[in-house]
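Colleague: Return a 3D structure for these sequence lines:
(one chain, ligands or ions: 1)
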Amino acid sequence: MEKEKTIYVIYGNDPAEMTKKILSESRIENLIKPGSLIGLKPNLVVSKPSSSGATTSPLIAGAVIEYLKDKGFDNLLILEGSWVGDSTKRAFRTCGYEDISKKYNVPLFDTKDDSFTVKTSGGIKMEICDRLFDVDFLINMPVIKGHCQTLVTGALKNMKGCITDREKRHFHSLGLHDPIAHLNKIRCADFVIADGLCGDLDFEEGGNPVQMNRIVCGTDSVLTDAYIASIMGYRPEDVEYITVAAEIGVGSCSLDDADIIELNKDRTIASAVSTGKVSRLAKHTVQKNACSACYANLIHALARLDEEGKLSKLKGKISIGQGFRWVESDGTGIGSCTSSFENYLPGCPPAPLDIIDFLKDQTD
Ligand code: SF4
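Modeller: Predicted coordinates for the structure are as follows:
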């Protein structure tokens, strides 16, 4: 069955309300058969709270559970296995999932304790935890964040929490991309709800969160990851596991064919940046009452320019925010609020890839 090509996006600063609204709009309940065992797979790679930019917000997980229970689905399970250097049980506790488990009477399952079955795809043998195959409907709940090796981590890579620790090491020895794609060929999520509240700029273990204030969902993990890549300033083809997954038929990576539905506009104001790498990028900006999503798009775009060695070639600082409405300037502005600037990029908010192209022109 062909997967739906719709991606839903919602902005704001109330994760529980945003989660319920986006689930309602996507009508997730129509996709689940009555009596199904529903597995929630957050990203709890390390024992750090979601504010670090590393792990899935428990507020989103709690709202998913509340929504599903309200629709009559009671057979739920949260499953995860942290990275080889951390304890999943400690992560469940630190990240707020023990509290959720008690509050909603939903069991936690540590995949590190599980038996496994060896499955093969594309000639790659892999040890996959057995509990995953008991789940009838899998909801993947990744964090939208950067990754030091794969550039971006989203839904496809989050499935790595369902393999043994030995297999996680094996994946790294294979360069991650091919095995991640083939793991998803064996078992891909049925639904993705991605936490884009404050994922890390470029590191999966957090430390440099970027306030993005959004949640994204879809049924095609490849398409959802292609969109996630784009909001971090990458083209889908920049992220090898996305293109490999598309080639082997896990889903589509064509954003041109996607129907991207934004349920609202972000009007929450970006807060002051205090973390190391993000504040270094922020020094190239002047922001006055910028919307969080708009400012996040600019920060991701500046990070990509930095990687290409073009950040230092920018002429002057980049202005952004509602405080620049009707302000005339010969400087450079990002977003429709800076339309009185001599040099500005329209959009409300402009997409990171458009910001990158626009700012590159300024450096030539
Ligand atoms: S252009 Fe202005 S109003 Fe639009 S998202 Fe950016 S800061 Fe907000």
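Colleague: Can you verify my assumption that Glu127 contacts Asp165?
Modeller: No. Proximity of Glu127 to Asp165 does not meet the contact threshold set by C-beta atoms under 8 Å, at 9.3 Å. C-betas here are computed from N, CA, C, even on glycine.
Colleague: burial measure for the residue in the stretch 51-200 of the chain positioned nearest to the ligand, as a count.
Modeller: Closest residue of the stretch 51-200 of the chain to the ligand, C-beta to the nearest ligand atom: Gly196 (15.2 Å). Gly196 has 24 neighbouring residues, counting by other C-beta atoms under 10 Å.
Colleague: do the same with Ser340
Modeller: For Ser340, the neighbour count with other C-beta under 10 Å is 13.
Colleague: Repeat that for Glu237.
Modeller: 12.
Colleague: got a list of what it touches?
Modeller: Glu237 makes contacts with Thr243, Cys253, as judged by C-beta atoms under 8 Å, 6 or more residues apart in numbering.
Colleague: ok, 7 Å please
Modeller: Glu237 sits next to Thr243 when contact means C-beta atoms under 7 Å, 6 or more residues apart in numbering.
Colleague: secondary structure class for it?
Modeller: helix (DSSP: H, G, I helix; E, B strand; the rest coil).
Colleague: Report the separation between it and Ile128.
Modeller: Glu237 sits 28 Å away from Ile128, going by C-beta to C-beta, to the nearest Å.
Colleague: repeat for Asn184
Modeller: Computed as C-beta to C-beta, the Asn184 to Ile128 distance reads 11 Å.
Colleague: So for those two, which sits in the more crowded spot?
Modeller: Applying other C-beta under 10 Å to Asn184 and Ile128 shows that Asn184 carries more neighbours, namely 26 against 21.
Colleague: packing partners for the helix or strand containing the more buried one?
Modeller: Per DSSP states H and E: Asn184 is located in helix 177-186. Identification of packing neighbours for helix 177-186 by 3 or more C-beta pairs under 7 Å, 6 or more residues apart in numbering; DSSP states H and E yields strand 116-121, strand 124-129, helix 155-158, helix 240-247.
Colleague: Out of those, which is the most enclosed?
Modeller: Among those, helix 155-158 has the highest mean neighbour count (mean count of other C-beta atoms under 10 Å), at a mean of 29.
Colleague: Put the alpha carbons of that one into PDB.
Modeller: Extracted C-alpha coordinates of helix 155-158, given in PDB (Å, rounded to 0.1, in the frame of the first residue of the first chain):
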ATOM      1  CA  ALA A 155      12.600   8.700  12.300                       C
ATOM      2  CA  LEU A 156      14.700   6.300  10.200                       C
ATOM      3  CA  LYS A 157      17.700   6.500  12.500                       C
ATOM      4  CA  ASN A 158      15.600   6.400  15.700                       C
END
